[in-house]
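A.B. asks: Okay, sequence plus prediction incoming.
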Amino acid sequence: SGVTNCAKFNRLGCSSVDFSCGECQDGWVGESGSHNSYCTKYSIQTSSSNRKNVCNSDSDCDTLQICNKNTHSCQTPSKKCPNSCSFRGNCTFAHSSSGRSLKECNVFDPDCLAVCECSIGFAGSSCSLTVEQLQVKMAQR
């Protein structure tokens, strides 16, 4: 997979997508499939209502939220693009059926996708290929 520490994301290793972790570990929830986004501990019980939305750690937040250590606020994690678009593009959000651009896309929203918009000269779902490499792969099919 190229990623050596998927455990820090609470994910399994992946053998199908380079530089990506696999599914969430048992007892954890998050984006399905191969991603490098965090999975959150799933619990039937929710923490006591955090009306002030102030936190110092994830345990201060409601179930399925994480603590933003910079703002000390509880947030639902956003979906992430594969391999951070290989640092060759920008991660954008789109509605899964209309393709309409979205400002936000949390990991539990089935109607949105995190999509790489590759820089000129790069292609593929994670912008990991040059345009020439993609053309060669497509010709081999």
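C.D. replies: Right, received. Where do you want to start?
A.B. asks: Which parts of this protein are helices?
C.D. replies: 131-140 (DSSP state H).
A.B. asks: Give me the most central residue, it.
C.D. replies: Residue closest to the average C-alpha location in the chain (C-alpha atoms, centre = their mean): Lys80, at 2.9 Å.
A.B. asks: ok, that one touching Cys39?
C.D. replies: No. Taking contacts as C-beta atoms under 8 Å, Lys80 lies outside contact range of Cys39: 11.6 Å. Quick note: C-beta positions are derived from backbone N, CA and C, even for glycine.
A.B. asks: burial measure for Ser73, as a count.
C.D. replies: Residues lying near Ser73 (other C-beta atoms under 10 Å) number 15.
A.B. asks: dump the residue contacts of it.
C.D. replies: Contacts for Ser73 (C-beta atoms under 8 Å, 6 or more residues apart in numbering) come out as Asn53, Val54, Cys55, Cys67.
A.B. asks: Please tell me how far the last one sits from Cys105.
C.D. replies: In other words, Cys67. As for Cys67, its distance to Cys105 is 20 Å (criterion: C-beta to C-beta, to the nearest Å).
A.B. asks: The helix or strand bottoming out on mean pLDDT in the chain pairs with which strands, and in what direction?
C.D. replies: Within the chain, no helix or strand scores below strand 40-41, which has a mean of 72 by mean pLDDT, DSSP states H and E. Counting by DSSP bridges, the strands paired with strand 40-41 are strand 28-29 (antiparallel).
A.B. asks: How far away from the center of its chain is the strand it pairs with?
C.D. replies: 13 Å (C-alpha atoms, centre = their mean, to the nearest Å).
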